[in-house]
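1. Just the structure for this:
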Amino acid sequence: MQQGYNYQLNKTVSAICEVIGWFLVLFGIILFCYLLATQSPQSHIFGSELAKQLYILSVLEPLIISIAGIFTVMQAQNTRANIDTAEATRELLNRSSTSPNFDKSKLHTKSEPTLGKPKINFD
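-> Numbering: from 1, shown residues only. Now for the predicted structure:
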């Protein structure tokens, strides 16, 4: 990986996903309010039980859209947090490598000596 890599594409895609997510939340809420205002279960077209069930399903769909939008926003913010963590880690490693007390031999260990095979005793 390059030293100057700044994750610009990841940041852009994350920002676009967050905007789309907020749009879905807003769209779902507006559609939910519209359906509540225009369709009434007391209307003459809701005489049968099936029609009432379809009304309930049609009102729940915008809420599901809003929930999907919230999850999209959540994932976009999680991605941005991972990018920030990677950038902060790179900055900490750069600062520590210029420190006079930095021991390069301890930075990349090939194996951890405390992690051996577990000793299982079945007696």
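2. And the helix ranked longest in the chain, what does it pack against?
-> Among all segments of the chain classified by DSSP state H, the helix with the greatest residue count is helix 49-97. Using 3 or more C-beta pairs under 8 Å, 6 or more residues apart in numbering; DSSP states H and E as the contact test, the elements touching helix 49-97 are helix 8-38. C-beta here means a position set from N, CA and C on the backbone, and glycine is covered the same way.
3. who's in contact with the spatially most central residue of the chain?
-> Among the residues of the chain, the one closest to the centroid is Gln75, at 1.1 Å (C-alpha atoms, centre = their mean). If a contact means C-beta atoms under 8 Å, 6 or more residues apart in numbering, then Gln75 has Cys17, Gly21 as its contacts.
4. go again using 7 Å as the cut-off
-> The contact partners of Gln75, taken as C-beta atoms under 7 Å, 6 or more residues apart in numbering, are Cys17.
5. Report pLDDT for it.
-> Confidence per residue is given as pLDDT, and for Gln75 that number is 96.
6. Next: Ala81.
-> Taken from the predicted model, the pLDDT recorded for Ala81 is 93.
7. re the thing from before, can you give me the distance of the residue nearest to the centre of the chain to Ala68?
-> Going from Gln75 to Ala68 by C-beta to C-beta, to the nearest Å gives 11 Å.
8. Check the offset of the longest helix of the chain from the chain's centre.
-> The chain centroid and the centroid of helix 49-97 are separated by 4 Å, computed with C-alpha atoms, centre = their mean, to the nearest Å.
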